[in-house]
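K.L.:
3D model of this:
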Amino acid sequence: MYLIFILFFVLFLWQIHRNASYISESLSDYLIKLFFGLVSCVIPTGFLLSEFNLINQAIAWGIGVNVLAFVFKLLFQQISDNQGFTLLNSIKISQKRFVDFWQSLSILSKFSFGILFLGLGLTTIINLVIFFVNYPNEWDSMTGHLVKCAYYLQNGNMNRLQGTTWTIDFYPNSLPTLQIFFYHVFGEQGFKVIHYLSYWIFPISSYGIAYKISKSFAKSLLVGLVTALLPTALVQATTTETDIVLTAYLGSLTYFLFSFKEKPNKLNLSLIALMSGVWIGHKVTFLLIAPAAMVIALYTMLLKKEFYKNFKLFLAIFLVGIGIYVLPTGYIGNVKEVGKFSLGSLSAPPIVMQWHGIEHYTQKDKIRNFALNIGRYSSDFLNLDGIRNTELGKKINTEFRYFPNLFFKKFNLEGERFTVVSYFSFEHPLKFYKERPYWGIIGFGMILPAMLFLIYHFFINFRKNTTLERSLMVLSLAAVLHFLSLCVSAPYDPIKARYFLNMAVWCMPLLVLFNPLGSQKVFNIYFFITTVIISISAICTILTVRFHPIFSERNIFNTSRLEQLTIGRPDSYDAYQKFDEIVPQNAIVALGTQQEHEDFEYPLWGRDFKRKLIPIHPFRSAVKPIPAEAEYLFYSKGVIPYQDGDIALGGGDKSDDSVVRESEFFLRRLKTLTKK
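P.N.:
This is a model prediction of the structure:
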């Protein structure tokens, strides 16, 4: 059956390749539309299969995605002519363009670009090794994101579960459809495929946006290379975090918007409508991005008369997109469970919004939180992220921070006022800036100077501004609005560094202001030094992340799957190991785990996901009766009373290595097994 599914998968790849070729104009255009074809077919297939309890059936996936790919072929034939694109010819054109570009560079510029290519090559190799060797093990995945996927595979549908952790029920189901689809193709490592693809779509879309604006291959290539070496993107490339995928969606949507500005036709309008649905359905944080996105939409689409000529088509396709990508994703169920509509209820229960939101703040506290966040996040950006992960780099960063600290300490930013997860300090705990880096020198050494230069030049020569300058000013305005929305929407949270990856969609194209073909010696020297730091930062970023250690005594090459899964909570490893030794792979297990401690549930399914797990301690609810079918009870101390005969699995929290305490786990045999 697996072989039949793989044949369906290959057919699907051919279909989305054919569809993308029909509507594409260049290689980068093709790759973005290929990605769109992939996600736009897989997501609604998952929603549909869930209704028929078939989400765990690979063959059903194979049939479903192929049917949708064929439907898209019919749609594209109705709204577009064949663009005459061929992949082979496009590759040849790109090769010639690159050769011409390389020959036009000065010696120093060749060194600069060579260093960027070397950095990208090394980080690509390292991340590929990490992708194949390291198992998914981020905290949120072990308690929520991948727990959802495991439950859905177990149950055959994506119905609400009343899970132990709130994210199981309240996070949208768009991403799990993609993770489960690739799980059927590649096994457990397949959960990470969509994230790795999204990492590459991010720089490709940045290149595409830059080229739409500047029409310069050299400048756009620089944008793409630097984007691919952004520390926060590199860290998320091999994880199962949600934000890298949202960034790929936003990058694609923005690319389609600028494509419409260039060619306001039905095809680009339809792609905008559909991609908007995919983006909105992924995660409710689209609301934080919406003000910035509307600025881009106003500039590229809403001021175009062609938009209003085809408004009925746009509205129809947009409503279809909302119907198939947004309504089934879980937002409606969230509001029903909360019992009232609010922006917070779309994404989390009220108690969580008390922790992470500001809806309960007084107006005065909202303003204070906003002001503090502007200073705190601005301070966080002014660090040599990546480099400071090493001992020498940390010393260099300390010296670099001398003047920023002098400035920011005037504003009394440090402390626990309006914070989540961890207090704010100028020197965050190591795990936060290693695992949640910002942009390093790319942010303050390239993007910030480019933005300041642009603003100055824009207002000095207001009447003589070019289309390029106007486009970049609109992107700058979007970036500022995005930054402010993140500052105003929630208390300070050190892990929110990953949210700013979305903001990079507006910022990276600003680098077209750097002219790699220029002859100014001072600029070329600065550009060379910056590229060296960017590449070193990128390599250090992914070589020193705690979740995939490479050089430590216990690293990804000499640790077992279970050791990797529990690396975020190492004191629990012994408990899970004993559980694996005692409980058969096909057992039915009731889970009385701790919500407050956010116990890891993902490792309990076992390597082949054959165990059936039944949660009996729903989020913020009383413990439910143990189901009659359960053969074992796995519970945390404090959730279920200990009984004589229960097996102590682990000693609980022994070291200060995590934000919250690790539980003591126990196991109870409920019946004699008859299965083998």
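K.L.:
Can you get me a residue count around the residue lying closest to L343 once chain neighbours are set aside?
P.N.:
Nearest non-adjacent residue to L343, counting by CB to CB, 6 or more residues apart in numbering: L287, 6.2 Å away. C-beta: built from backbone N, CA, C; applies to glycine. Counted with other CB atoms under 10 Å, residues neighbouring L287 total 14.
K.L.:
Could you do R18 as well?
P.N.:
R18 has 15 nearby residues by other CB under 10 Å.
K.L.:
The residue lying closest to it once chain neighbours are set aside: how many residues sit nearby?
P.N.:
Spatial nearest neighbour of R18, chain neighbours left out: K73 (7.0 Å); criterion: CB to CB, 6+ apart. Using other CB under 10 Å, K73 has 16 other residues around it.
K.L.:
show me what contacts L670?
P.N.:
By CB atoms under 8 Å, 6 or more residues apart in numbering, L670 lies in contact with 590, 626, 630-633.
K.L.:
G652 now?
P.N.:
571, 637, 661-665.
K.L.:
Now intersect these with the strands, please.
P.N.:
Under the assignment DSSP state E, the contacts of G652 contribute F665 to strands.
K.L.:
how close does H17 get to I194?
P.N.:
18 Å (CB to CB, to the nearest Å).
K.L.:
again, but for I640
P.N.:
For I640, the distance to I194 - CB to CB - is 37 Å.
K.L.:
who has more neighbours, these two?
P.N.:
Remark: of I640 and I194, I194 carries more neighbours, 23 against 20, as counted by other CB under 10 Å.
K.L.:
Skipping adjacent residues, who's closest to that one in space?
P.N.:
Closest to I194 by CB to CB, 6+ apart is L178, at 4.2 Å.
K.L.:
Distance from the chain centre to the worst-scoring helix or strand of the chain on mean pLDDT, please.
P.N.:
None of the helices or strands of the chain scores lower by mean pLDDT, DSSP states H and E than helix 430-435, at a mean of 76. Relative to its chain's centre, helix 430-435 lies at 17 Å (CA atoms, centre = their mean, to the nearest Å).
K.L.:
Can you list the buried residues in it?
P.N.:
Residues of helix 430-435 classed as buried by neighbour count (16 or more other CB atoms under 10 Å): 431-435.
K.L.:
Tell me, what's the model's pLDDT at the residue nearest to R18?
P.N.:
We have a pLDDT of 96 for K73.
K.L.:
ok, now which ones touch it?
P.N.:
15, 18-19, 22.
K.L.:
from those residues, which would you call buried?
P.N.:
Buried among the contacts of K73 (16+ other CB under 10 Å): 15, 19, 22.
K.L.:
Just the helices from the stretch 101-250 of the chain, written as ranges.
P.N.:
107-133, 139-140, 146-155, 166-170, 174-186, 193-214, 217-228, 231-236, 243-262 (DSSP state H, counting those that start in this stretch).
K.L.:
who wins for proximity to N53 among these?
P.N.:
Nearest to N53, of all the helices of the stretch 101-250 of the chain, is helix 146-155, at 7.7 Å by CB to CB.
K.L.:
Quick one: list the elements packing against that closest one.
P.N.:
Helices and strands touching helix 146-155, by 3 or more CB pairs under 8 Å, 6 or more residues apart in numbering; DSSP states H and E, are helix 166-170, helix 174-186, strand 612-615.
K.L.:
Surely K496 touches L486?
P.N.:
Yes - under the criterion of CB atoms under 8 Å, K496 makes contact with L486 at 6.9 Å.
K.L.:
hey, what's in contact with both of those two?
P.N.:
Y377.
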